[in-house]
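> Got a sequence here, can you model it:
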Amino acid sequence: MRYLKKFNEGLEETNFNSFLSKLDELKEICDGQLATLYDEGFELNFLISKVTHPKDGLMKVVSPSLHVQLVKKEGWEMLSYSWKEVKDYFIPLLQLLSRRYVIYPSFDSRVSLLKMRQEDRIKIMLSTQVAFHIGSGDSHSAARGLTHKYFSLQDVLDDKVKLDKRIFSISIEIGGEL
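Numbering: from 1, shown residues only. Coordinates of the predicted model:
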């Protein structure tokens, strides 16, 4: 009995392997859209994982995911930047990605969803969001009180992002192809 696969286990492995095979293509899309920012010290960090997310508001489904994070670095130090510096490059990238891939809800996994108000939990888990890691300092090591601020994907695409603090990273979770 120990050699028998769980229900849908083979399907999950197939989905993950299919997602990994398209990873180079996805990275090329990101690199092509952000080439100008790379010359100014920006870079994309990629982290592959499996995420659990709601489907149709009821079921939780495990899917492969690519966490993409835009940061600005000088040597090993993360630098802050403004939305104005990156929006003309990042918005077209999001438009392209959202037409081709599933964008998952994004939230700070270090904060327990159980500690949030019910309405906030539902909003985060059922909406596609872009996470902005913000603070008041100029560099990551000097910044105090770094927090996350979330905007819906549509608000970012419509350039309705209003931040009074500096950005240290922008993150999205990308799933499989549409």
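
> who does Tyr101 bridge with?
Glu177 (DSSP bridges).

> so what pLDDT did it get?
The model reports Tyr101 with a pLDDT of 83.

> Check Glu85 too.
Turning to Glu85, the model gives it a pLDDT of 95.

> Report how many residues lie close to it.
Glu85: 15 surrounding residues under other CB atoms under 10 Å. Every C-beta, even on glycine, is put in place using the N, C-alpha and C of the backbone.

> how close does it sit to Ile167?
Relative to Ile167, Glu85 is positioned 9 Å away (CB to CB, to the nearest Å).

> and what of Pro64?
Look at Pro64 and Ile167: by CB to CB, they are 27 Å apart.

> Over to Phe151?
Phe151 is 12 Å from Ile167, by CB to CB.

> Repeat that for Phe42.
Phe42 is 11 Å from Ile167, by CB to CB.

> For this structure, which residues score under the pLDDT cut-off?
Scanning the chain for pLDDT under 70 picks out the ranges 1-16, 51-63, 106-128, 137-145, 176-178.

> now the helices: where do they sit in it?
9-21, 23-38, 83-100, 118-126, 153-157 (DSSP state H).

> quick one: contacts of the shortest one?
Under the contact criterion CB atoms under 8 Å, 6 or more residues apart in numbering, helix 153-157 has outside partners Phe90, Ile91, Leu94, Gln95, Ser98, Ile103, Thr128, Gln129, Val130, Val161.

> same thing with the third one?
In this structure, residues lying in contact with helix 83-100 by CB under 8 Å, 6+ apart are 29-30, 33-34, 36-37, 40, 42, 70, 103, 128, 130, 132, 153, 156-157, 159, 161, 163, 167, 170, 172, 174, 177-178.

> In this structure Leu146 contacts Ile167, no?
No - the criterion here is CB atoms under 8 Å, and Leu146 misses it with Ile167 at 10.5 Å.

> Thank you kindly, that will do.
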